[in-house]
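> quick one, fold the following:
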Amino acid sequence: MSDTPASPSTSPTRHVGVVVLPGFSLLAEACATEPLAVANQLAGRPLYRLTTFGLDGEPVASGSRQVLLTRQRVGDDVGLDMLMVCASDPEGASESLLAWLRRLAAAGVVLAGIGGGTELLARAGLLDGYRATLPWQRFEAVARDHPRVRLSRHLFEIDRDRLTCSGGTAAMDMIMTLIGQHQGSELAERVSAHLVLERGRMGDEPQQGPL
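Predicted structure coming up:
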């Protein structure tokens, strides 16, 4: 990804997909997508176009049993620039999903793991040699099973064309940083103010701290 932000008035519309698996965190999904929608609103033009994917294109129930509608099914070719994988239990992954992720990576699509989505990217072999993070509860198991992934216990990691976070509200911190990289700090600060964020947390802050 480029480190030089384009002006929001000239930057292209980025097509961002979100694949949700049964039991996903509705909080994490909203934290990842709402800042993009607000960026569109404040810029007065579609900087980001969002498309939600499910395994079969049917509505998907979150961990809180609230249902999210999906527009596409996993495997559909819709010309994505970026795909975010939002999952809680990585055991719900199918081989067809992992194969689709590999095809997207080969096509140059930026991939992001949110919560358990990081583990899915690791299972697909798409985080080897990358810095990555995931929920602290799964750290030891993933470090053992995927030794080529450079795991950290940070809130989020952005390493080239891979983004990963620990889930929950860390997804918002990661996406706010991405908006700043794409559109510049001024718009990112306006989005932050709109969402009533006291401050955006940095990626290298720890997941666990004093309560």
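> my guess is F156 meets L134, correct?
No: the pair F156 and L134 does not pass the contact test of CB atoms under 8 Å, sitting 10.1 Å apart. (C-beta placed from N, C-alpha, C; glycine too.)
> overlap in contacts, these two.
T164, S166 (CB atoms under 8 Å, 6 or more residues apart in numbering).
> quick check, pLDDT for the residue lying closest to G129 once chain neighbours are set aside.
Of all residues not flanking G129 in the chain, R148 sits nearest, at 6.4 Å (CB to CB, 6 or more residues apart in numbering). pLDDT recorded at R148 is 96.
> same check on G92?
Reported pLDDT for G92: 63.
> also the one 10 residues further on?
The model reports R102 with a pLDDT of 97.
> hey, where'd the helices end up in the chain?
26-43, 95-106, 117-123, 139-145, 170-183, 185-194 (DSSP state H).
> winner for burial among the ones you listed?
Stretch with highest mean neighbour count among those: helix 117-123 (a mean of 27; mean count of other CB atoms under 10 Å).
> relative to the whole chain's centre, how far out is that helix?
Distance of helix 117-123 from the chain centroid (CA atoms, centre = their mean, to the nearest Å) equals 12 Å.
> so which of the helices of the chain comes closest to D56?
helix 95-106 (10.4 Å; CB to CB).
> quick check: D76 touching T52?
No: here D76 lies out of contact with T52, judged by CB under 8 Å, at a distance of 11.4 Å.
> neighbour-wise, which of these two wins?
T52 (20 against 13; other CB atoms under 10 Å).
> nearest to T164, out of the helices of the chain?
helix 117-123 (4.4 Å).
> let's see that closest one as CSV, backbone CA atoms only.
Extracted C-alpha coordinates of helix 117-123, given in CSV (Å, rounded to 0.1, in the frame of the first residue of the first chain):
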residue,chain,number,x,y,z
GLY,A,117,-10.2,-13.8,10.5
THR,A,118,-6.4,-13.6,11.1
GLU,A,119,-6.3,-17.3,11.8
LEU,A,120,-8.1,-18.1,8.6
LEU,A,121,-5.6,-16.1,6.6
ALA,A,122,-2.8,-18.0,8.4
ARG,A,123,-4.5,-21.3,7.5
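> pLDDT on it, on average?
Computed over helix 117-123, the average pLDDT equals 94.
> do stretch 154-168 as well
pLDDT averaged over stretch 154-168 gives 93.
> show me which positions of that stretch end up buried.
154-159, 162-168 (16 or more other CB atoms under 10 Å).
> if anything else comes up later, I'll come back, but that's it for now.
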